[in-house]
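Sequence and predicted structure, then a few things I'm wondering about:
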Amino acid sequence: MLKVEKITLAAVAIFLVSCSDISQVCRHSLAAAPWMKQIVSARASASESLPVSTVTVALRNEAPLKVTWKQLSDVIFTRKYDEKMKMPMLYPSFSRSIKALNGKAVEISGYMVPVDAKGGVYVLSANPNSSCFFCGGAGPETVMTLNFKSKKPDFETDDYIKATGILRLNEKNIYEMYYNLDNAEVTDK
(Lines give C-alpha, C1' and ligand atoms only; values in the text may rest on other atoms or scores of the structure.)
Protein backbone atom coordinates (compact mmCIF):
# COMPACT_ATOMS: atom_id res chain seq x y z
CA MET A 1 0.00 0.00 0.00
CA LEU A 2 1.26 3.46 -0.81
CA LYS A 3 1.88 6.02 1.90
CA VAL A 4 -0.94 8.22 0.58
CA GLU A 5 -3.37 5.28 0.70
CA LYS A 6 -2.36 4.48 4.30
CA ILE A 7 -2.89 8.09 5.37
CA THR A 8 -6.27 8.23 3.60
CA LEU A 9 -7.36 4.94 5.16
CA ALA A 10 -6.31 6.16 8.63
CA ALA A 11 -8.16 9.46 8.14
CA VAL A 12 -11.34 7.63 7.07
CA ALA A 13 -11.07 5.28 10.08
CA ILE A 14 -10.65 8.21 12.48
CA PHE A 15 -13.59 10.00 10.86
CA LEU A 16 -15.85 6.95 11.15
CA VAL A 17 -14.96 6.39 14.80
CA SER A 18 -15.45 10.05 15.71
CA CYS A 19 -18.86 10.13 14.01
CA SER A 20 -20.04 6.89 15.58
CA ASP A 21 -22.58 6.85 18.35
CA ILE A 22 -21.02 4.42 20.81
CA SER A 23 -23.70 5.16 23.39
CA GLN A 24 -25.58 2.11 22.15
CA VAL A 25 -22.66 -0.08 23.19
CA CYS A 26 -21.75 1.81 26.34
CA ARG A 27 -24.25 1.14 29.09
CA HIS A 28 -24.06 2.65 32.55
CA SER A 29 -25.80 -0.17 34.29
CA LEU A 30 -24.22 -2.34 36.92
CA ALA A 31 -24.61 -5.39 34.66
CA ALA A 32 -22.60 -3.78 31.86
CA ALA A 33 -19.82 -2.59 34.15
CA PRO A 34 -18.73 -5.46 36.40
CA TRP A 35 -16.01 -3.34 38.00
CA MET A 36 -18.68 -0.82 39.08
CA LYS A 37 -20.84 -3.61 40.50
CA GLN A 38 -17.83 -4.72 42.55
CA ILE A 39 -17.36 -1.20 43.93
CA VAL A 40 -21.08 -0.68 44.66
CA SER A 41 -21.37 -4.02 46.47
CA ALA A 42 -18.14 -3.43 48.39
CA ARG A 43 -19.35 0.04 49.34
CA ALA A 44 -22.65 -1.38 50.59
CA SER A 45 -20.93 -3.97 52.74
CA ALA A 46 -18.17 -1.64 53.92
CA SER A 47 -17.50 -1.50 57.62
CA GLU A 48 -16.88 1.42 59.96
CA SER A 49 -13.13 1.05 59.44
CA LEU A 50 -13.18 2.68 55.99
CA PRO A 51 -11.54 6.08 55.71
CA VAL A 52 -13.97 8.94 55.97
CA SER A 53 -14.24 11.45 53.14
CA THR A 54 -13.03 14.97 53.63
CA VAL A 55 -15.13 17.10 55.98
CA THR A 56 -18.52 18.52 54.98
CA VAL A 57 -19.43 22.01 56.11
CA ALA A 58 -23.05 23.05 56.66
CA LEU A 59 -24.74 25.16 54.00
CA ARG A 60 -24.72 28.86 54.77
CA ASN A 61 -27.05 31.47 53.36
CA GLU A 62 -24.77 32.59 50.58
CA ALA A 63 -25.02 32.38 46.82
CA PRO A 64 -23.43 29.23 45.39
CA LEU A 65 -20.09 29.65 43.64
CA LYS A 66 -20.22 28.87 39.92
CA VAL A 67 -17.75 26.08 39.23
CA THR A 68 -16.64 24.74 35.85
CA TRP A 69 -15.28 21.33 34.91
CA LYS A 70 -12.11 23.07 33.75
CA GLN A 71 -11.56 24.31 37.31
CA LEU A 72 -12.12 20.80 38.67
CA SER A 73 -9.53 19.36 36.29
CA ASP A 74 -6.75 20.92 38.41
CA VAL A 75 -5.94 17.62 40.13
CA ILE A 76 -3.09 15.11 39.94
CA PHE A 77 -3.69 11.38 40.35
CA THR A 78 -1.30 8.85 41.88
CA ARG A 79 -1.77 5.17 41.10
CA LYS A 80 -1.51 2.93 44.19
CA TYR A 81 -2.28 -0.76 44.55
CA ASP A 82 -5.24 -1.43 46.83
CA GLU A 83 -5.19 -4.72 48.74
CA LYS A 84 -8.98 -4.88 49.27
CA MET A 85 -9.84 -4.37 45.62
CA LYS A 86 -6.79 -6.33 44.38
CA MET A 87 -6.10 -3.74 41.72
CA PRO A 88 -4.41 -0.36 41.29
CA MET A 89 -6.57 2.63 42.17
CA LEU A 90 -6.13 6.35 41.51
CA TYR A 91 -5.76 8.66 44.50
CA PRO A 92 -6.18 12.42 43.91
CA SER A 93 -4.06 15.34 45.02
CA PHE A 94 -6.31 18.39 44.74
CA SER A 95 -4.90 21.84 44.02
CA ARG A 96 -5.28 24.64 46.56
CA SER A 97 -8.02 26.26 44.48
CA ILE A 98 -10.07 23.05 44.53
CA LYS A 99 -9.45 22.48 48.24
CA ALA A 100 -10.77 25.99 48.85
CA LEU A 101 -14.12 24.87 47.35
CA ASN A 102 -14.48 21.94 49.75
CA GLY A 103 -17.58 22.35 51.90
CA LYS A 104 -18.81 25.37 49.92
CA ALA A 105 -22.11 25.79 48.13
CA VAL A 106 -21.43 25.44 44.41
CA GLU A 107 -23.35 25.43 41.15
CA ILE A 108 -22.26 23.28 38.23
CA SER A 109 -23.73 22.18 34.89
CA GLY A 110 -23.31 18.86 33.16
CA TYR A 111 -24.82 15.78 31.60
CA MET A 112 -26.86 13.39 33.72
CA VAL A 113 -25.77 9.77 33.87
CA PRO A 114 -28.26 7.72 35.91
CA VAL A 115 -25.90 4.86 36.81
CA ASP A 116 -28.44 3.03 38.96
CA ALA A 117 -31.68 5.02 39.15
CA LYS A 118 -33.45 2.41 41.29
CA GLY A 119 -30.57 2.44 43.77
CA GLY A 120 -30.34 6.24 43.67
CA VAL A 121 -26.87 6.44 42.08
CA TYR A 122 -26.73 9.54 39.87
CA VAL A 123 -23.64 11.04 38.32
CA LEU A 124 -23.11 14.42 36.72
CA SER A 125 -20.61 14.32 33.86
CA ALA A 126 -18.71 17.03 32.03
CA ASN A 127 -19.26 15.05 28.83
CA PRO A 128 -22.25 13.38 27.19
CA ASN A 129 -22.83 9.66 27.44
CA SER A 130 -20.83 8.74 24.34
CA SER A 131 -17.60 10.24 25.74
CA CYS A 132 -18.00 10.13 29.50
CA PHE A 133 -15.58 8.70 32.05
CA PHE A 134 -17.34 5.33 32.26
CA CYS A 135 -16.78 4.73 28.54
CA GLY A 136 -13.11 5.60 28.78
CA GLY A 137 -13.40 8.92 26.99
CA ALA A 138 -12.40 11.15 29.91
CA GLY A 139 -10.73 11.17 33.30
CA PRO A 140 -12.23 10.61 36.75
CA GLU A 141 -12.17 14.35 37.41
CA THR A 142 -14.98 14.78 34.86
CA VAL A 143 -17.67 13.08 36.97
CA MET A 144 -19.39 13.94 40.24
CA THR A 145 -21.81 11.97 42.42
CA LEU A 146 -25.10 13.75 43.10
CA ASN A 147 -26.49 13.07 46.58
CA PHE A 148 -29.93 14.64 46.34
CA LYS A 149 -31.39 16.66 49.19
CA SER A 150 -34.87 15.23 48.74
CA LYS A 151 -36.66 12.82 46.42
CA LYS A 152 -34.52 11.54 43.58
CA PRO A 153 -35.71 13.19 40.37
CA ASP A 154 -36.34 11.24 37.18
CA PHE A 155 -33.67 11.79 34.53
CA GLU A 156 -32.86 10.55 31.09
CA THR A 157 -29.27 9.85 30.09
CA ASP A 158 -27.64 13.01 28.70
CA ASP A 159 -30.16 15.43 30.22
CA TYR A 160 -28.16 18.65 30.55
CA ILE A 161 -28.82 20.09 34.00
CA LYS A 162 -27.57 22.70 36.40
CA ALA A 163 -27.25 21.57 40.01
CA THR A 164 -26.37 23.25 43.29
CA GLY A 165 -25.20 21.71 46.54
CA ILE A 166 -22.26 21.36 48.90
CA LEU A 167 -19.07 20.20 47.21
CA ARG A 168 -17.33 17.44 49.16
CA LEU A 169 -13.90 16.26 48.07
CA ASN A 170 -12.89 12.65 48.50
CA GLU A 171 -9.19 11.88 48.70
CA LYS A 172 -9.14 8.48 50.40
CA ASN A 173 -12.36 6.46 50.15
CA ILE A 174 -12.13 4.33 47.00
CA TYR A 175 -15.84 3.50 47.22
CA GLU A 176 -16.84 7.08 46.35
CA MET A 177 -16.06 9.42 43.51
CA TYR A 178 -13.52 12.18 43.99
CA TYR A 179 -16.18 14.89 43.69
CA ASN A 180 -19.51 14.63 45.52
CA LEU A 181 -22.33 17.16 45.52
CA ASP A 182 -24.23 16.73 48.78
CA ASN A 183 -27.71 18.19 49.36
CA ALA A 184 -27.93 18.51 45.59
CA GLU A 185 -30.87 20.23 43.94
CA VAL A 186 -31.56 20.66 40.24
CA THR A 187 -31.90 24.36 39.48
CA ASP A 188 -32.25 24.17 35.71
CA LYS A 189 -33.06 21.35 33.31
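Ah, there it is. Residues are numbered from 1 along each chain as shown.

Tell me the strands beside the longest strand seen in the chain, with direction?
Criterion DSSP state E: the longest strand present in the chain is strand 105-116. Partners of strand 105-116 in the sheet, by DSSP bridges, are strand 65-66 (parallel), strand 121-125 (antiparallel), strand 160-169 (antiparallel).

what's the most buried one of the ones you listed?
strand 121-125 (a mean of 22; mean count of other C-beta atoms under 10 Å). Every residue, glycine included, has its C-beta placed from N, CA and C.

now the angle from the helix or strand that that strand is followed by to strand 121-125?
Counting by DSSP states H and E, the next helix or strand C-terminal to strand 121-125 is strand 143-148. Angle, strand 143-148 to strand 121-125, by axes from the mean of the first three to the mean of the last three C-alpha atoms, to 10 degrees: 130 degrees.

pLDDT averaged over strand 143-148 - what is it?
Predicted confidence along strand 143-148 averages 92 (mean pLDDT).

Assign a three-state SS to residue 71, would you?
Secondary structure, DSSP: H, G, I helix; E, B strand; the rest coil: residue 71 is helix.

what do you get for residue 150?
Classified using three-state DSSP, residue 150 is coil.

So for residue 151, which of the strands paired with strand 105-116 sits nearest?
For the strands paired with strand 105-116, proximity to residue 151 was assessed by C-beta to C-beta; strand 121-125 is nearest, at 12.1 Å.

Now do that closest one, average pLDDT.
On average, strand 121-125 scores 88.

Which pLDDT does the model give the residue nearest to residue 188 when sequence neighbours are not counted?
Ranked by C-beta to C-beta, 6 or more residues apart in numbering and with sequence neighbours excluded, the top spatial neighbour of residue 188 is residue 162, at 3.9 Å. pLDDT for residue 162: 95.

now swap in the one 3 residues further on and tell me
Looking at residue 165, its pLDDT stands at 95.

ok, it - contacts?
By C-beta atoms under 8 Å, 6 or more residues apart in numbering, residue 165 lies in contact with 105-106, 146-147, 149, 181-185.

which among those residues end up buried?
105-106, 146-147, 181-185 (16 or more other C-beta atoms under 10 Å).
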